[in-house]
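Q: structure of the sequence below:
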Amino acid sequence: MAARVPSLHTMSEAAAKMVTVTSDTGCIEPPPFKLPRFAGASSVAYASGDGHFQTRPGELSAEDSEKHRDALFVIPKAVLDFANEHQKFSGLCYLNRINALTCCKSAEHGWPGASFSCAEMLAALYNSDARHIVLAKGHAAAMQYATMFMVGQMGADALVSYKRGAGYPEAHADLLCDTGSLGQCLSTIAGLATAEHVATGDCRRHAIIVGDGELQEGQNYEALMTMTQFNMTNVTIFVDCNGYQSDNRCVDIIGIHDMGSVFRGFGWEVVDIDGNDYDQVQTAWHNAAGKRVAVLARTDKGFGTHMQPVPHPETGLSWHPWHTKIPSWDLYERIIDELIVAANIDAATRAWQDHPKDWSGLANTHRPLLPAQSSMDLGTGKAFGQYICELMHTRQDLAIVSADLATSCGFNAAVNGPRYYEVGVAEQDAVSFAGGLALSPDGPLLPVFGTYSNFLKRCCENIFINQAAGARCLYAGTYSGLCYHTDGKSHQSINDVSVFQGMPNLLIVDPITPTHVRRCIDYVLSQDCSQSVYFRLRRTPLTAYEGGVALADFDRVSAMDPTSPASGHAHHPINDLVLFDHRGTGSEKEAIGLVIVTMGVVAAQLGMSLLRADSLQTLFAGKYTLHARVVIVPAVGSPGLHPGEWARALNLGDTRVGYVLTIEDDAGALRAKVATEVMRVCSEDQRVPPVLISHTVDGVGPSFRTLPRCLEHFGFTPEHMYALIRRHLLARDK
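A: From the prediction side, this is the model:
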């Protein structure tokens, strides 16, 4: 599929006339191919058109990939058919758990605890007459895939291709609708069932499984009112009441007291069952026909194994490590042993006995191991959270608002402390609650609200209202950009700068290193103003990128940039650009300048890789002596950069700037800003404008097992950048 090129809709007509703009969106679709047997089980080997495996840079070798693939154990379809046909449903569900675990193990990432709790519900519903089955608690996708394999809707190769990229099973099942962002699927299935009835008169029944923690999202209750209003008796709701949300118990985050009364209050009948009993699930489904019924299915997260909660090492709360934990190979064997015994089906026992179990030398991750932990080995998200927790001891005006993501946001040190407010899976409520903290006339607080960047986008109107009211808040959107590669389109945020840049009086900061994070926070807290700040924060540290140590120079250069304005002020963490130069040799040739403008860790790392590579010089060596510069933009929005910063960035002395390349893992916010600034500077200096080339991201991202594969998919590689620049050099020569 060809990459789509968006229009430069945010650029003025004058800028468009003065600057030649070429957009390149990074969405590189792989060619279709036929998978060899169990090809998807390979963590890092991606089949080429002839069915052979090729190794991606920075990932496991082809030999290690094949070992990993061959070590995976899948209960054969024939064994599942035998259990189903002979109504050995309890054993069948234990076998589905094995396949769900293998699905997660194939990717070395997933959510086995959430998957294990809903095995009986999915098996019973897929064996029923349900028209559609929506798994709203998308973290349990591996169990849905295992159940689809059980009924012949998915092959073994797909089952072990979890998170393998475009065209393979997603992190969160998106079979009818995307299920990664919680609280929306009740509304979706209500609309889906209504549309089918209007279009075809089809009154067949639909089932939806929601999580008990998910019910903290307020949209669920809007959906219940809609479904009651339209008397939707053809949708049955199953609530997976396993008592946990993410890592912690629901009652320790935000408890829903007397859930049955809540559903009854919205006009629904309530049935309470043992959700890990296949027969009870099947009976509840049959008895709900023609009624509005909510089935409260009491389950155990990690049911069927010893995967049980322990006290959290930092917070002390009851913690379920199997929310995201994947077992080592030895533990993988032990868990399957447990499930095989519990299933008590001879054919499964024989299949497991015959499976080779040599785990020696097998990696327990597809991702490269990082160096020993140091301050530079933190992603900017964790660095932000940890520094805010430190400041809570000295800044009595600071408050933290969390939406069930304390661990991901680095807030664990503040949990149970003063001015820490956990509101559960309720982002819109959290933003408005934070606004109230900031607006109190009797000692306003400065709230810091942290969540995944993609989840923060559902709060656009709430943020706008906070801004309109003058409520000063700090919004921490972690797991931003391309570096969050594992969890797909519902979690990977690649357009948040474009979304938030239109908010009034909101500064957007995209820090590069942990040290830069601290400097930006210190500056923001030193300002006595009403301005709010959105911190765009990353999960992946610089050390995870090939050649990432090059950006360690960022902190040294940005502390006091020797090329900073003539005023001699110390380099500002937000209002000054950071410049890195490389000048080629060969003074007899015409000198030409290339300015690479980047924002954020991913783009900055790619820009620095281009700057330091011989290949870039080679592109220009035939005709020009290249003077290249990487510009790192720390922030966009008000109050903006110091005067003269863009003129400084575009000034290469005697060398004419012929090309400006913008790189961003966003939908084009930086491109539009640079186009406007280049137009302004060239107009003021009466110089010939350069050719402006841009590389952005467009659309949505699939789930990937490794960061290099994600970056390759979106074209964020030196090779793709060379090809992009080469096209423009050839066009220029013509």
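Q: so which helix or strand of this structure has the lowest pLDDT on average?
A: Sorted by mean pLDDT, DSSP states H and E, the helices and strands of the chain end with strand 45-47, the least confident at a mean of 24.
Q: and G443, how many residues sit next to it?
A: By other CB atoms under 10 Å, 8 other residues sit near G443. Yep, even glycine has a C-beta here, placed from its N, CA and C like the rest.
Q: which residues of the chain score low on pLDDT?
A: 1-23, 25-64, 319, 367-376, 543-552, 557-570, 584-588, 621-622, 638, 731-734 (pLDDT under 70).
Q: for it, what's the longest helix?
A: In terms of residue count, the longest helix belonging to the chain (DSSP state H) is helix 89-107.
Q: restricting to C-alpha, output the helix or strand following it in PDB.
A: Next along the chain after helix 89-107, taking DSSP states H and E as the criterion, comes helix 112-117. C-alpha atoms of helix 112-117 as PDB (Å, rounded to 0.1, in the frame of the first residue of the first chain):
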ATOM      1  CA  PRO A 112      -1.400 -13.800  30.500                       C
ATOM      2  CA  GLY A 113      -3.200 -13.000  33.800                       C
ATOM      3  CA  ALA A 114      -6.100 -11.200  32.100                       C
ATOM      4  CA  SER A 115      -6.200 -13.800  29.400                       C
ATOM      5  CA  PHE A 116      -6.500 -16.700  31.900                       C
ATOM      6  CA  SER A 117      -9.400 -15.200  33.800                       C
END
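Q: now V235: closest residue in space, sequence neighbours ignored.
A: When the adjacent residues along the chain are set aside, V235 lies closest to H206, with 4.9 Å between them (CB to CB, 6 or more residues apart in numbering).
Q: test my guess that the one you found contacts R131.
A: Yes. Applying CB atoms under 8 Å, one finds H206 in contact with R131, separated by 5.4 Å.
Q: neighbour count: these two, which is higher?
A: Taking neighbours as other CB under 10 Å, H206 and R131 compare with H206 leading, 21 against 16.
Q: dump the residue contacts of the more buried one.
A: Neighbouring residues of H206 by CB atoms under 8 Å, 6 or more residues apart in numbering: A130, R131, H132, I133, V134, I189, L192, A193, N234, V235, T236.
Q: and the longest helix of the chain, what does it pack onto?
A: With contacts defined as 3 or more CB pairs under 8 Å, 6 or more residues apart in numbering; DSSP states H and E, the packing partners of helix 89-107 are helix 77-85, helix 112-117, helix 119-126, helix 141-150, helix 156-159, helix 278-287, helix 329-343, helix 346-354.
Q: for the shortest one, buried residues please.
A: Going by neighbour count (16 or more other CB atoms under 10 Å), the buried part of helix 156-159 is A156, D157, A158, L159.
Q: could you list the buried residues of the helix or strand just after that helix?
A: Toward the C-terminal end, the helix or strand that comes next after helix 156-159 (DSSP H and E) is helix 185-200. Neighbour counts using 16+ other CB under 10 Å place C185, L186, S187, T188, I189, A190, L192, A193, T194, E196 of helix 185-200 among the buried residues.
Q: please apply the same query to stretch 406-419.
A: Result for stretch 406-419 [16+ other CB under 10 Å]: buried residues A406, T407, S408, C409, G410, F411, N412, A413, A414, V415, R419.
Q: now do the same end-to-end measure for it.
A: For stretch 406-419, the separation between the terminal residues is 14 Å (CA to CA, to the nearest Å).
Q: check the offset of that stretch from the chain's centre.
A: In terms of CA atoms, centre = their mean, to the nearest Å, the centre of stretch 406-419 is set 21 Å apart from its chain centre.
Q: also stretch 177-185?
A: For stretch 177-185 - counting by CA atoms, centre = their mean - the centre lies 14 Å from the chain centre.
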